[in-house]
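Engineer: Okay, here's the prediction I keep looking at, along with the sequence it came from:
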Amino acid sequence: MTKATKNNRAMTELIVKKAAQVGSALFGESVRALILIGSVARGEGSFYAAEEGFQFYGDIEFFIVSTGSARDMELAKTFEEALAKELLKDNIKAEIDAGLVRPDYFTRLRPHIFGCELKEHGIVVYGDDSIKEGIPSLPVEDIPLEDGLRLLFNRMVEHLGPLRDAGSGGPAELRRLHYQNIKLTLDMAGALLVALGSYKTTYRLRAGAISEAVESIEDEHTRTALSRLPALVAEATLSKLDPASDQVLSSGGVTAGKNPVDSFGELIIILRALWIYEMNLFLGGEWSDDVESLLRNFLRDESINSRLKMWTKWFRRNLVSGSLPSGRALRLATVGTPARLIYASAALLIFSLPSGKETDKDVIGKATLNSALSRAEALLPASVLSKTKSDGDWQSLSELISREWEEHVKNG
């Protein structure tokens, strides 16, 4: 067992202990259980020992299993703040993310990435130890192709903020982008394994399986484009599990000629090839390498009932906030659901950026809306709101996409 693994286990044990103490002090009868989820529950959290204490990259995630409603939503925020303060007493600086679910959530789970990881690795730290027993069998080979695609789309959106901030060139901003590059690399491996019906629930197992997965791809062009992925996944896995071994995470953000913005420019090439491969598998039909053609078919591939349901929810949310949709919203509603439109906007934005050797470290600050970016804004649901529009540049549009995704996809 490596030193990093021992430290990770010790950190997980401490977090479990502290979370149980905070939960015992805060929760009432409506809270049935508190479950540690995500990378920390898997023993794969990214803890870095700095002079001021331990820094955790990413969020420490929990489920609060509750039979309550509005009050427990407030309680989740109180728990997040209380645990963060409690961990600071042990010199651990981390963001806490506590989601609220009802007890029947577990019995209703179907095979998908998060469900498989929750069933295998979720840790009940407070309350009913038997809460996970209601989870049905979730074979990884039954995870739908769309789940792998969603993983790629979500990582695209999550990259927008770090890319915007990296334009300042500050050490913290560059480390944040580098960490996001690591997560993208690891999840590209996860998405490919989903597509091949052989998903692995830990980073370590994915790193061990990715070479064979790439070699098994029948399409020669895709196989060649992804040939560097196994080496990148091995490197990213080491960095994720032991940030101290990563020169960028443990330095000022740029080292040995390695700039995270340049690295992302190289990752775009692999991301685009993998995304095209998975979109073709998902959509079926004649193979296409054209991003916009694939997105059009992706948007069409939804039932009318799904569109009505999702747009009704979207309209209600915006009416409550006082943002009135224009008549163009009815036309956009015929194109696709809000979630897929947000995904399509993010993909057009990401794939409009220079890649490989063309990437300049100041590209984010210089980028302006070209025709592809204009189409990205036209697809964004927020474009039909009376109070919402971008300022016609890359940064403002990417910020608008991030906000839309946060409200209508992540928390939707």
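Structural biologist: Arrived safely, thanks for sending. In this text the structure is predicted, and so the values were computed from the model without any measurement. Numbers count the residues shown, from 1 in each chain.
Engineer: what ranges do the strands span in the stretch 101-250 of the chain?
Structural biologist: With strands called from DSSP state E, counting those that start in this stretch, the stretch 101-250 of the chain shows them at 123-127.
Engineer: Find me whatever residue is spatially closest to A339, sequence neighbours aside.
Structural biologist: V409 (5.0 Å; CB to CB, 6 or more residues apart in numbering). C-betas here are computed from N, CA, C, even on glycine.
Engineer: So the one you found: helix, strand or coil?
Structural biologist: helix (DSSP: H, G, I helix; E, B strand; the rest coil).
Engineer: Next, give phi and psi for G167.
Structural biologist: Main-chain torsions, G167, degrees, to the nearest 10: phi -60, psi -30.
Engineer: Number of residues surrounding it?
Structural biologist: By the criterion of other CB atoms under 10 Å, G167 has 19 neighbours.
Engineer: That one and Y126: what is the separation?
Structural biologist: 42 Å (CB to CB, to the nearest Å).
Engineer: got a list of what the residue nearest to A339 touches?
Structural biologist: 154, 157, 338-339, 342-343 (CB atoms under 8 Å, 6 or more residues apart in numbering).
Engineer: what's the farthest-apart pair in those residues?
Structural biologist: Within these, N154 and P338 form the most distant pair, 14.8 Å apart (CB to CB).
Engineer: who has more neighbours, those two?
Structural biologist: A count of neighbours by other CB under 10 Å puts P338 above the other of N154 and P338, at 25 against 16.
Engineer: Surely R32 is within a strand?
Structural biologist: Yes. Counting by three-state DSSP, R32 is located in a strand.
Engineer: which residues does the closest residue to it other than its chain neighbours form a beta bridge with?
Structural biologist: Excluding the flanking residues, the one nearest R32 by CB to CB, 6+ apart is V65, at 4.6 Å. When bridges are called by DSSP bridges, V65 pairs up with A33, V101.
Engineer: Now for V65, how many residues are close by?
Structural biologist: Count around V65 with other CB under 10 Å applied: 25.
Engineer: show me the contacts for it.
Structural biologist: Neighbouring residues of V65 by CB under 8 Å, 6+ apart: 31-35, 101-103, 105, 127-128, 131.
Engineer: could you redo the last one with a cut-off of 10 Å?
Structural biologist: Listed by CB atoms under 10 Å, 6 or more residues apart in numbering, the contact partners of V65 are 30-35, 72, 100-106, 124, 126-128, 131-132.
Engineer: Now, of those residues, which are buried?
Structural biologist: Buried members of these, scored by 16 or more other CB atoms under 10 Å, are 31-35, 72, 100, 105-106, 124, 126-127, 131-132.
Engineer: so which one among these has the lowest pLDDT?
Structural biologist: In terms of pLDDT, the weakest of the buried ones among the contacts of V65 is D72, which scores 68.
Engineer: okay, now the closest residue to A166 other than its chain neighbours: neighbour count?
Structural biologist: Leaving out its chain neighbours, the residue that sits closest to A166 by CB to CB, 6+ apart is L177, at 4.4 Å. By other CB under 10 Å, 26 other residues sit near L177.
Engineer: Kindly report the same for E133.
Structural biologist: Neighbours of E133 (other CB under 10 Å): 9.
Engineer: Equivalent analysis for the one 3 residues further on, please.
Structural biologist: Other residues near P136 come to 12 when the count uses other CB under 10 Å.
Engineer: do the one 3 residues further on as well
Structural biologist: Using other CB under 10 Å, the number of residues around P139 comes to 10.
Engineer: Pull out the buried residues from stretch 328-339.
Structural biologist: 329, 332-333, 335-339.
Engineer: can you tell me which of those residues lies nearest to F54?
Structural biologist: Once CB to CB is applied, the member of the buried residues of stretch 328-339 that ends up nearest F54 is A339, at 35.9 Å.
Engineer: returning to what we had before: dump the buried ones among the contacts of V65 into TSV; add distance to A234 as well.
Structural biologist: Shown next, in TSV, are the buried ones among the contacts of V65 (distance: CB to CB, whole Å):
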residue	distance to A234
V31	41
R32	41
A33	36
L34	35
I35	31
D72	42
L100	37
Y105	35
F106	34
V124	33
Y126	37
G127	38
I131	36
K132	32
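Engineer: Export stretch 39-58 to CSV, keeping only CA atoms.
Structural biologist: Extracted C-alpha coordinates of stretch 39-58, given in CSV (Å, rounded to 0.1, in the frame of the first residue of the first chain):
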residue,chain,number,x,y,z
SER,A,39,-14.4,9.8,-5.0
VAL,A,40,-13.8,10.1,-1.2
ALA,A,41,-16.2,7.2,-0.6
ARG,A,42,-14.2,5.2,-3.2
GLY,A,43,-10.9,6.0,-1.4
GLU,A,44,-9.9,8.1,-4.4
GLY,A,45,-10.1,11.6,-3.0
SER,A,46,-7.4,14.2,-4.0
PHE,A,47,-5.8,15.5,-0.8
TYR,A,48,-2.7,17.6,-1.0
ALA,A,49,-0.6,18.5,2.1
ALA,A,50,0.3,22.2,1.9
GLU,A,51,2.0,24.4,4.5
GLU,A,52,-1.4,25.6,5.8
GLY,A,53,-2.9,22.1,6.0
PHE,A,54,-4.6,19.7,3.7
GLN,A,55,-6.2,21.0,0.5
PHE,A,56,-8.9,18.8,-1.1
TYR,A,57,-9.4,19.2,-4.9
GLY,A,58,-13.0,18.8,-5.8
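Engineer: In this protein, where is pLDDT below threshold?
Structural biologist: Low-confidence segments of the chain (pLDDT under 70): 1-4, 51-52, 69-72, 252-257, 322, 324, 355-371, 386-392, 412.
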